[in-house]
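K.L.:
pasting a predicted model and its sequence here:
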Amino acid sequence: MAQTVASTAAKASYTQSTPSPLIVPALPSSIKKDPKLANNWKTTPAAQLSDAELMAMPDTEYMNTVQLAVFRLKLMKLKLDILNSAGETTEHLREDTSVVPDPADRATIEEEHALELRTRDRERKLLKKIEQSIGRIDAGDYGYCDETGEPIGVGRLLARPTATLSLEAQQRRELKQKMFGD
């Protein structure tokens with residue numbers, strides 16, 4: 001039997017929701033290190049090291065000069081990507097200033113602009129975190145938890161290069177926020 005919807009606007013906004021699968025990040029202890037890649041970091045330039053090779057590095061080499069160089073490169077690339085997309089947004093907003101007589105079309109265009117500006121605002125905040133992370137590399141604090149001082153872990157830093165808390169400390173912080181609010 002076909003589903004009936006009262007209006008075209010309601011039909012356009014209707015989406016069947018399916019529960020999204022719960023994504024649980026892999027704990028650093030559960031990630032298998034490939035022993036064949038364990039010593040590749042000694043001969044491969046930092047710019048050419050893969051994530052698997054970084055993960056395979058021995059724990060005794062945590063945040064050595066090679067790892068710091070790799071993460072600095074990742075952060076700089078992320079920074080350049082954000083700055084390039086910000087320039088594209090400026091151009092897009094500048095060229096999309098035509099006057100549209102239809103109020104519905106104008107509202108759609110304004111909503112798209114608002115969404116794009118919100119995205120750029122989030123990227124602006126991320127840019128600040130990237131700058132802080134690069135400063136932490138320079139200071140020698142990168143890769144260590146702000147609260148506990150223990151290593152954050154290469155896997156977590158590969159997933160989120162601006163992380164300042166270990167997985168456990170982040171989970172504690174999120175639990176406190178959930179229980180007590182901001």
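P.N.:
Looks like it arrived, so ask away. Numbers count the residues shown, from 1 in each chain.
K.L.:
please count neighbours and contacts with C-alpha atoms only from this point.
P.N.:
Fine.
K.L.:
can you show me the CA trace of stretch 63-70 as PDB?
P.N.:
Presented in PDB, the C-alpha positions along stretch 63-70 are these (Å, rounded to 0.1, in the frame of the first residue of the first chain):
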ATOM      1  CA  MET A  63      56.400  10.800  19.500                       C
ATOM      2  CA  ASN A  64      59.900  10.600  18.100                       C
ATOM      3  CA  THR A  65      61.100  13.100  15.600                       C
ATOM      4  CA  VAL A  66      59.700  11.100  12.700                       C
ATOM      5  CA  GLN A  67      56.200  10.800  14.100                       C
ATOM      6  CA  LEU A  68      56.200  14.500  15.000                       C
ATOM      7  CA  ALA A  69      57.200  15.400  11.500                       C
ATOM      8  CA  VAL A  70      54.500  13.200  10.000                       C
END
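K.L.:
buried set for that stretch?
P.N.:
Counting neighbours by 16 or more other C-alpha atoms under 10 Å, one finds that the buried residues in stretch 63-70 are 63, 66-70.
K.L.:
so how far is that stretch off the chain centroid?
P.N.:
Offset of stretch 63-70 from its chain centre (C-alpha atoms, centre = their mean, to the nearest Å): 20 Å.
K.L.:
which one's the longest helix in the protein?
P.N.:
helix 103-139 (DSSP state H).
K.L.:
give the rounded mean pLDDT of the helix or strand just after it.
P.N.:
Following helix 103-139 in sequence order, the next helix or strand is helix 154-159 (DSSP states H and E). In this model, helix 154-159 carries a mean pLDDT of 92.
K.L.:
list the helices and strands the longest helix of the chain packs on?
P.N.:
Here helix 103-139 touches helix 65-95, going by 3 or more C-alpha pairs under 8 Å, 6 or more residues apart in numbering; DSSP states H and E.
K.L.:
contacts for stretch 125-144 next, please.
P.N.:
Counting by C-alpha atoms under 8 Å, 6 or more residues apart in numbering, stretch 125-144 makes contact with 63, 68, 72, 75, 79, 82, 150-154, 157, 161-166, all of which sit outside it.
K.L.:
for that stretch, which residues meet the burial criterion?
P.N.:
Buried, per 16+ other C-alpha under 10 Å, within stretch 125-144: 126-127, 129-130, 133-134, 136-137, 141-144.
K.L.:
about what we covered before: just the buried ones among the contacts of stretch 125-144, please.
P.N.:
63, 68, 72, 75, 79, 82, 151-154, 157, 161-166.
K.L.:
which of the three states applies to residue 165?
P.N.:
Following DSSP: H, G, I helix; E, B strand; the rest coil, we place residue 165 in the coil state.
K.L.:
now do the domain split for the chain, please.
P.N.:
33-62, 74-142, 143-182 (automatic domain parsing).
K.L.:
roughly how far is the last one from the heart of the chain?
P.N.:
Read that as domain 143-182. In terms of C-alpha atoms, centre = their mean, the centre of domain 143-182 is found 14 Å from the chain centre.
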